[in-house]
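Chemist: this one's sequence-less:
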Ligand code: NA
Ligand code: NA
């Protein structure tokens, strides 16, 4: 399934590490009276977005997204599988539909040549593209879970 | 469409999807997608929704969330946290309910170093629970303090949840981070008072243990080596915030880097541990940030439909006092906290509570502290309390779930008492942030 | 027959840059009974500010109150609007309005119905004094609006999230920021601000945008009513001089001193603003920039 996900996940985790280093370097530079990197704010905003959307499929695949298991934790295995199939179907349709519209948003933006104009100027669709990419991978994971409900992971998530 | 109907359908649909076990983020996305189709106007509405979702997490104010999580993960993965607990245990002597007190001290100190209540509770449970049960501590004196003080991690900075509350509710993040400190310390003091008092009244629950006699120097050396240096971290994160010399983002980034340096100084660092800390950080951060993307768009659609305003006007029409409104919100939050997790509690209520509190002129920091405390209580209330399950995971198999529920009850009462105190004297939350300017 | 349009503002309702728009909506709902009505859906809580341009382009929103700084992805030359040195009334006279309307229609599928913000200039606010327009050695928080100008004047620029400006000023991470004449006190930044540099430069631009398909679907009578309302709203720009005076007095009370440049310095300051601003627009579209500059500057 997620032949891609671990790779994307490692990449996303790396982004988070880089953000930490980057902000810390900026603080130090500033305190030494040196100029800080001008585009840091914008770069970090987009980095957060990218890490979130690229990391989401992996988190889904390891069952790391929070669930309310008030009802689901007390079911027989048969019923639990049936319910997993139902929720996976809903999840697949949801991620599929929004992902498809996300793709339309990307195509529309690319077609009209919209540019992001902050500290740097880049095509807007580069950033929008992470949404359909992420949701497409989530759709695949939900479909796999629909077919093989026993692979659905259970893990405790929260803070 | 009538706003009442929209509100009912969206919240009702959400409730059903949450209950059948769809991951929270996807439950929100499902309801919002359908809502966007009807409220924002068909295809173009869903297209707009897709764009809004990308925009919602491209927000600099959310940067402290992964950084705070990373900082705690580094301390846990390198084992620095566990060694510090052992060191604390050595120096706490001659106090009734000694091990319970050690738990509360350790939990509070780690609350200032980690933003994760789960990691904090699991660490306290893993290191202290076996010893306490072996020494004959009553389960309620062993497990109660572990869960109760583990939960404090979300009140004291670093706290990813406080950042989340602040950014979603539009409350000063630095202010809210600092606002949690006093209530947390008050809780810790009351926990200790309870533990000591109960041990004095009923020595059976916490048998006075025979701890090793050792020279003063030997007793304190580990403390100096493993606990005192952590105060550097404390100074970097909380000190810089309080002194107003760093923004929350910067204090979080410096905290992570300092944690790495401390780990390296103990020669406890390896690429493997750093990798594990980063992946664990990714898991928790993405979980939160993805829900943010989902729930912010949910709030936007709800607001666009007129449901948010409709509800506020309806409540205004009853002409309640701000106190009544605040108590109503607390009741709802406590109720939700019994059944759903902290992030979902926040997501479901913020779209309605924040505009409502605004209309009622309820102090935003007070609202923020109320959020933090009710969420913290929700961690411990049956049937669904995250930390109850964490405890289930680390406790020996003969401990039953009802025993876990019972052990936390006295501490729940203390937390409810502090919550009531804050409603009565909001200064407990707002005084400290008031000192720091903003 | 009556039509109801859905309106959203990029700014929180009740704040300075939504005020005229809300008055416009009231005026239409009062005077447009039986013809056209406006349903004020909300502010940034309903549509994120940077997505409002897209929402009015696609028709999710019928009418938007928006500033060009929030939709550069759709109208890259929009920066020109805050460089204007004449009023919207003058621009309606000299044909500039038609030009701006045309590029809004062609490039982002919206009718440029009306314009507010004339007379609300931008200022540089500082924590340490300056002698003249030379900003070298100063670290300034900026947005794309001032980026070109402050760069040309030698400042070291940073981007700071709105929520972090206060503490950035407090611990000296930034020495100042650009902001309109109004709004500093609302944000609480006055507590960390010591100086305001006069004269002001540029103009705030808040624009009434109507989805073009919606606009074309209206009757002549409905369009006329909306245009009448927009013209009425644009007259409100005349109140901005008084508002500025009140705001300056309040800033003085809050302890913000005014640094007033000498005539020569003021001219250098204004010229730098103008030249750098237009150079940036020219970089995007030289031809359009030239046409707009011709009808917007004196
Ligand atoms: Na904490
Ligand atoms: Na609970």
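Modeler: Structure received. Because the structure is predicted, anything quoted here is derived from the model rather than measured. Residues are numbered from 1 along each chain as shown, chains lettered A, B, ... in the order given. Ligands and ions are numbered 1, 2, ... in the order given.

Chemist: need the contact list for residue A:14.
Modeler: Taking CB atoms under 8 Å, 6 or more residues apart in numbering or on different chains, we find residue A:14 in contact with residue B:278. Bear in mind the C-beta positions are built from the backbone N, C-alpha and C, glycine included.

Chemist: any idea how far residue B:275 is from it?
Modeler: Distance from residue A:14 to residue B:275, counting by CB to CB, to the nearest Å: 10 Å.

Chemist: near ligand 1, which residues of the stretch 101-250 of chain B? Just list them.
Modeler: Residues of the stretch 101-250 of chain B lying near ligand 1 by CB under 5 Å from the ion: B:111, B:115, B:153, B:156, B:158, B:159.

Chemist: for the residues you listed, which entry has the maximal number of neighbours?
Modeler: Highest neighbour count within these, by other CB atoms under 10 Å in any protein chain shown: residue B:158, with 33 neighbours.

Chemist: dump the residue contacts of the residue in the stretch 101-250 of chain B positioned nearest to ligand 2.
Modeler: Nearest residue of the stretch 101-250 of chain B to ligand 2 (CB to the ion) works out as residue B:151 at 10.7 Å. With contact set as CB under 8 Å, 6+ apart, residue B:151 has these partners: B:117, B:121, B:376, B:379, B:380, B:387.

Chemist: ok, residue B:205 next?
Modeler: B:97, B:137, B:138, B:140, B:141, B:198, B:199.

Chemist: pLDDT-wise, what's the bottom of those?
Modeler: Among those, residue B:140 has the lowest pLDDT, at 87.

Chemist: got the phi and psi for the residue nearest to residue C:190 when sequence neighbours are not counted?
Modeler: Nearest non-adjacent residue to residue C:190, counting by CB to CB, 6 or more residues apart in numbering or on different chains: residue C:254, 4.1 Å away. The phi and psi torsions at residue C:254 (degrees, to the nearest 10) take the values phi -80, psi 0.

Chemist: residue C:254 against residue C:185, yeah?
Modeler: Yes. Using CB atoms under 8 Å, residue C:254 is in contact with residue C:185, at 6.3 Å.

Chemist: tell me which stretches of chain A form strands.
Modeler: Taking DSSP state E to define them, one finds strands in chain A at A:115-117, A:121-123.

Chemist: reformat those as TSV; add mean pLDDT and mean neighbour count.
Modeler: Listed next are the strands of chain A as TSV, based on pLDDT from 0 to 100; neighbours: other CB atoms under 10 Å in any protein chain shown:
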stretch	mean pLDDT	mean neighbour count
strand A:115-117	88	20
strand A:121-123	92	13
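
Chemist: contacts for the worst-scoring helix or strand of chain C on mean pLDDT next, please.
Modeler: Using mean pLDDT, DSSP states H and E, the weakest-scoring helix or strand in chain C turns out to be helix C:165-170, at a mean of 79. Outside helix C:165-170, the residues that touch it by CB under 8 Å, 6+ apart are B:174, B:244, B:246-247, B:437-438, C:127, C:141, C:160, C:173-174, C:176-177, C:187-189, C:191-193.

Chemist: what's the ChimeraX syntax to select whichever of those are buried?
Modeler: In ChimeraX, this line selects whichever of the contacts of helix C:165-170 come out buried by 16 or more other CB atoms under 10 Å in any protein chain shown:
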select /B:174,244,246,247,438 /C:127,141,160,173,174,176,177,189,192,193
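
Chemist: what is the neighbour count of residue 38?
Modeler: You didn't say which chain, so I picked chain A. 17.

Chemist: wait, I meant chain B there
Modeler: 15.

Chemist: just the pLDDT at it, thanks.
Modeler: 93.

Chemist: state the distance from the residue in the stretch 301-438 of chain B positioned nearest to chain A to residue B:325.
Modeler: With CB to the nearest CB as the measure, residue B:386 is the residue of the stretch 301-438 of chain B nearest to chain A, at 4.4 Å. Distance of residue B:386 to residue B:325, computed by CB to CB: 28 Å.

Chemist: next one: residue C:33
Modeler: On the measure of CB to CB, residue C:33 and residue B:325 end up 35 Å apart.

Chemist: neighbour count winner among those two?
Modeler: Legend: neighbour count by other CB under 10 Å for residue C:33 and residue B:325, higher for residue B:325 (20 against 11).

Chemist: tell me the contacts of that one?
Modeler: Counted by CB under 8 Å, 6+ apart, residue B:325 has contacts B:315, B:356, B:357, B:360, B:362.

Chemist: from what I see, the last one and residue B:322 are in contact.
Modeler: Yes. The pair residue B:362 and residue B:322 qualifies as a contact (CB under 8 Å) at a distance of 5.1 Å.

Chemist: neighbour count: the two, which is higher?
Modeler: In terms of neighbours (other CB under 10 Å), residue B:362 is the more surrounded of residue B:362 and residue B:322; the figures are 20 against 14.

Chemist: where's that one, which helix or strand?
Modeler: For residue B:362, there is no enclosing helix or strand under DSSP states H and E.

Chemist: for the chain, what are the low-confidence residue spans?
Modeler: Just going to use chain A. A:1-5, A:68-70, A:73, A:151-159 (pLDDT under 70).

Chemist: that's the wrong chain, I wanted chain B
Modeler: B:1, B:210-211, B:244, B:436-438.
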